[in-house]
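Below are the sequence and a predicted model for it; my questions follow.
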Amino acid sequence: MKFRRSASGLGEWLQSRTGFRGARHALLDEQLPPGTGWFFTLGSVLLALLGVQLLTGAFLTLYYAPTPDHAYDSIRFIVSTAPGRIVHGLHHYGSSFIVVAIVLHMLRVVAFGSYKPPREATWLSGLALFGLVLAFSLTGYLLPWDQRAYWATVVTINVAKLTPLAGELAAGVLRGGDSIGALTLTRWYAVHVIFLPALLILLVVLHVVLMRRHGISGPVRSRPGPMTPFYPWQAARDTAVVAVVLATMAAFAWNGAPPLEGRADPTDATYVPRPEWYFLGLFQLLKYFPGKWEVVGGMVVPGLAAAFLILLPWLDRGPERNPRKRPAVLLAVAIGMAGVVTLTTLGWRDSPRNREATAWTLREIGGRTLVQQTGCARCHSEEGLADSLEALTSSRGTEWLAGHVADPEMIAPGLREPPARRDEREVAAIVAYVHRLARQPYPAIPRETEVAGAIFARFCVGCHTIDADGGKDGPDLSAIGSKRDQDTLRRIITHPTSVNPDAEMPAFGKRLTPAELDAISRYLAARR
Ligand code: HEM
């Protein structure tokens with residue numbers, strides 16, 4: 001009794017000082033038309049998902065370091081702990097959940113004709129929110145600074161270059177400098193964690209204020225009966241759907257986001273970029289418009305779709321909200337959605353398998369043999385001055401590493417005699433090996449493949465490709481064994497014109513030992 005009196009006293013005091021009951025009334029007692037039901041829960045789902053995204057994002061900033069030297073390692077550190085893995089997972093899957101929820105919310109608004117007067121401004125603010133969500137996704141994708149991040153950003157910036165008249169300007173603003181690097185990362189990070197969230201909060205407030213100003217549109221055919229408050233029934237529906245969505249997302253996030261790929265390597269021109277799944281459709285569209293037609297796929301088609309959505313409330317103005325009586329709009333939207341789904345599916349099928357998950361490349365394997373032949377282990381060993389290569393989690397980029405491999409004194413001048421100058425290709429192979437080793441332990445590989453790997457990495461990789469790694473001047477050798485036997489291959493390598501008088505390939509008979517010639521020809525013959 002005494003407790004109840006003091007609680008109500010506290011309530012009165014809070015009311016007199018803050019007027020909180022007014023806020024509770026404003027939040028919970030919104031009057032809804034009869035028949036407002038489950039379809040109207042999607043807005044709340046979006047609010048909840050955005051809340052989770054802001055919260056998990058805020059926690060990630062505590063550990064994330066936005067520089068090319070540290071970004072990758074900071075994410076690796078975050079996901080090395082269970083809470084970090086879950087928070088990172090929630091943030092990762094959250095973006096996909098938001099895109100799905102936003103599309104469903106839009107489809108609901110279109111199907112119910114809820115964009116019609118007087119709700120045009122609500123619709124436009126919603127479209128702006130959609131654009132913001134995509135901008136969040138694009139800027140966030142770069143932050144882990146892995147191969148996937150780097151190369152998808154190259155594509156994004158190339159698309160920005162298609163902007164009529166101001167293409168180079170747009171690309172320059174996005175890059176922050178001449179190439180994608182530290183300035184780009186700082187810039188995208190600032191936009192991702194400060195500019196976009198600020199804009200998002202403003203726009204969400206505007207969207208909800210506008211929605212409240214005109215009231216919820218309700219079912220397409222108005223039903224008889226009095227208006228009812230949001231609390232308790234609609235609030236209960238919203239809470240139930242939000243709970244199911246968040247629980248599903250938590251299940252996805254439990255084991256964290258998909259693993260990072262290798263550290264961003266701007267010199268790896270063999271990497272095939274892959275965007276986030278909801279950009280796959282657009283990415284696919286770009287492939288159908290190569291060269292000078294790129295602007296059609298990158299700007300014209302998406303621009304027309306955006307223009308259609310912006311103008312929709314004015315294209316379909318009549319009071320009729322029943323979807324069956326608005327076939328033209330519904331057909332246009334259905335065709336658009338079918339296009340998006342088809343392109344996304346084609347893009348999905350076309351996108352390469354995650355190369356990281358497959359076996360080590362021949363160049364990387366060759367890099368190991370070259371490391372053994374070089375004096376790396378003199379310093380990089382249990383008893384040496386530096387960490388052993390297996391324990392190395394260097395955050396150094398390719399450029400530094402290549403410099404160090406070519407001249408190890410770069411890190412500690414005067415430590416020992418300068419090495420003989422290393423061949424550029426050998427350096428690239430050693431760097432590739434060290435980078436891969438930092439992510440994946442070395443598997444058991446037959447000695448002969450290791451020898452072939454070193455030969456390939458030193459002499460062939462400039463012109464030939466194996467498993468998507470290498471040059472394009474000569475033929476791809478990934479399945480050469482299905483065309484040539486070992487003896488012919490050995491003759492081609494020793495003296496190419498002995499098999500094909502027009503061959504432009506140099507002869508390697510004098511540069512390789514008979515055992516090396518055997519090893520590389522046997523390896524190639526076995527590739528089918
Ligand atoms: C982050 C994104 C968004 C959030 C948080 C959000 C939130 C909400 C909420 C809470 C409602 C009221 C409940 C409901 O109708 O489900 C609502 C209604 C509405 N939203 Fe959104 N929305 C977002 C994106 C969009 C988009 C992309 C569009 C369309 C382009 C849109 C257009 C509308 C319209 C027209 C209404 C009024 C619906 C009616 O009166 O029936 N919203 N939104």
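Sure, I can see it. Residues are numbered from 1 along each chain as shown.

Which residue is it, in the stretch 401-528 of the chain, that comes closest to the ligand?
Closest to the ligand within the stretch 401-528 of the chain is Arg439: 35.3 Å, counting by CB to the nearest ligand atom. Placement of C-beta: from N, CA and C, glycine included.

I'd like to know which elements the helix or strand where Ile365 lies is packed against.
Ile365 belongs to helix 362-373 when assigned by DSSP states H and E. Counting by 3 or more CB pairs under 8 Å, 6 or more residues apart in numbering; DSSP states H and E, the packing neighbours recorded for helix 362-373 are helix 424-437, helix 447-455, strand 469-470.

May I see the buried residues of that helix?
Of the residues in helix 362-373, 362-371 count as buried by neighbour count, 16 or more other CB atoms under 10 Å.

Now it: average pLDDT?
If you average the pLDDT over helix 362-373, you get 86.

Mind jotting down where the strands sit in the stretch 351-500 of the chain?
465-466, 469-470 (DSSP state E, counting those that start in this stretch).

What's the local residue count around the spatially closest residue to the residue of the stretch 401-528 of the chain closest to the ligand that is not a sequence neighbour?
Once flanking residues are discounted, Arg439 sits nearest to Gly262: 6.0 Å by CB to CB, 6 or more residues apart in numbering. Using other CB atoms under 10 Å, Gly262 has 20 neighbouring residues.

thought Gly262 was touching Arg148?
No: using CB atoms under 8 Å, Gly262 is not in contact with Arg148, being 9.1 Å away.

that older thread, quick check, nearest of the buried residues of helix 362-373 to the ligand?
The shortest gap between the ligand and any of these belongs to Glu364, at 43.0 Å (CB to the nearest ligand atom).

quick one: that closest one and Arg425, what's the gap?
With distances taken as CB to CB, to the nearest Å, Glu364 is found 13 Å from Arg425.

try Pro229
From Pro229 to Arg425 the distance is 73 Å (CB to CB).

who's more crowded, the two?
Arg425 (18 against 14).

need the least confident one among the strands of the stretch 351-500 of the chain, by mean pLDDT.
Among these, strand 469-470 carries the lowest mean pLDDT, a mean of 85.

Who are the packing partners of that strand?
helix 362-373.

hey, where'd the helices end up in the stretch 301-450 of the chain?
301-315, 327-350, 362-373, 376-379, 398-406, 424-437, 447-455 (DSSP state H, counting those that start in this stretch).

Surely Trp330 is in contact with Leu107?
Let me fix one detail, which is that residue 330 is Leu and not Trp. No: Leu330 lies out of contact with Leu107 (CB under 8 Å); the separation is 10.3 Å.

low-scoring pLDDT stretches of this protein, where are they?
1, 268-270, 352-359, 390-397, 409-422 (pLDDT under 70).

Name the residues of it found near the ligand, please.
40, 42-44, 46-47, 50, 102, 105-106, 109, 112, 114-115, 119, 122-123, 126-127, 129-130, 133, 204, 207-208, 211, 216-217 (CB under 6 Å from any ligand atom).

Make a ChimeraX selection of the buried ones in those.
Here is the ChimeraX selection string for the buried members of the residues of the chain next to the ligand, based on 16+ other CB under 10 Å:
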select :40,42,43,44,46,50,102,105,106,109,112,114,115,119,122,123,126,129,130,133,204,207,211,216,217
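
Do a quick rundown of the strands in the stretch 101-250 of the chain.
Under DSSP E, counting those that start in this stretch, the stretch 101-250 of the chain gives strands at 228-229.

Can you name the residue of it nearest to the ligand?
For the stretch 101-250 of the chain, CB to the nearest ligand atom, closest residue to the ligand: Gly126, 2.2 Å.

That residue: what's it in contact with?
Contact analysis of Gly126 by CB atoms under 8 Å, 6 or more residues apart in numbering lists 105-106, 109, 207.

so how far is Leu46 from it?
Gly126 is 10 Å from Leu46, by CB to CB.

Which residues are in contact with each of these two?
Here Gly126 and Leu46 have His105 as joint contacts, going by CB under 8 Å, 6+ apart.

Which residue, other than its chain neighbours, is closest to Pro273?
Trp151 (3.8 Å).

surely that neighbour meets Pro266?
No: under the criterion of CB under 8 Å, Trp151 makes no contact with Pro266, lying 9.1 Å away.

out of the two, which sits in the busier spot?
Each of Trp151 and Pro266 has its neighbours counted (other CB under 10 Å); Trp151 has more, 22 against 17.

How about the contacts made by the more buried one?
Taking CB under 8 Å, 6+ apart as the test, what Trp151 contacts is 271-274.

try Phe40
Here Phe40 is in contact with 32, 108, 216, 234, 237 (CB under 8 Å, 6+ apart).

Please indicate which of those are buried?
32, 108, 216, 234, 237.

which one is the last one nearest to, not counting chain neighbours?
Meaning Arg237. Nearest residue to Arg237, sequence neighbours excluded (CB to CB, 6+ apart): Thr41, at 5.3 Å.

Could you measure from that neighbour over to Phe230?
Counting by CB to CB, the separation of Thr41 from Phe230 is 11 Å.

For stretch 514-528, give me every contacting residue.
So stretch 514-528 is contacted by 448-449, 451-452, 455-456, 460, 466, 477-482, 484-487, 489-490, 493-494, 508-509, 512 (CB under 8 Å, 6+ apart).

circling back to that earlier point, closest one of the buried ones among the contacts of Phe40 to Gly471?
Within those, proximity to Gly471 (CB to CB) peaks at Arg108, which comes in at 52.1 Å.

Determine the longest helix present in the chain.
Determined from DSSP state H, the single longest helix within the chain is helix 82-111.

List the buried residues of it.
Of all the residues in helix 82-111, those buried under the rule 16+ other CB under 10 Å are 84-95, 97-99, 101-102, 105-106, 108-111.

try stretch 160-179
Counting neighbours by 16+ other CB under 10 Å, the buried set in stretch 160-179 is 160-162, 167, 170-171, 174-176.

which one of those is nearest Leu246?
Closest approach between those and Leu246, by CB to CB: Leu174, at 33.4 Å.

quick one, what contacts that closest one?
156-157, 160, 184, 187-188.

chain center to stretch 225-245: distance?
35 Å (CA atoms, centre = their mean, to the nearest Å).

swap in stretch 310-322?
Worked out by CA atoms, centre = their mean, stretch 310-322 lies 36 Å from the chain centre.

Please enumerate residues in contact with it?
Counting by CB under 8 Å, 6+ apart, 110, 112-117, 119-120, 123-124, 127, 217, 220-221, 308, 326, 328-329 sit against stretch 310-322.

and the gap between the closest residue to Phe136 other than its chain neighbours and Ala121?
Spatial nearest neighbour of Phe136, excluding adjacent residues (CB to CB, 6+ apart): Leu196 at 5.4 Å. Using CB to CB, one obtains 21 Å as the distance from Leu196 to Ala121.

Arg522 now?
72 Å.

just Glu261 next, same as before
43 Å.

more crowded one of those two?
A direct count of neighbours by other CB under 10 Å for Glu261 and Ala121 places Glu261 higher, at 22 against 16.

And for the residue in the stretch 301-450 of the chain positioned nearest to the ligand, the neighbour number?
Closest contact between the stretch 301-450 of the chain and the ligand, by CB to the nearest ligand atom, is at Leu309 (6.6 Å). A count of neighbours around Leu309, defined by other CB under 10 Å, yields 20.
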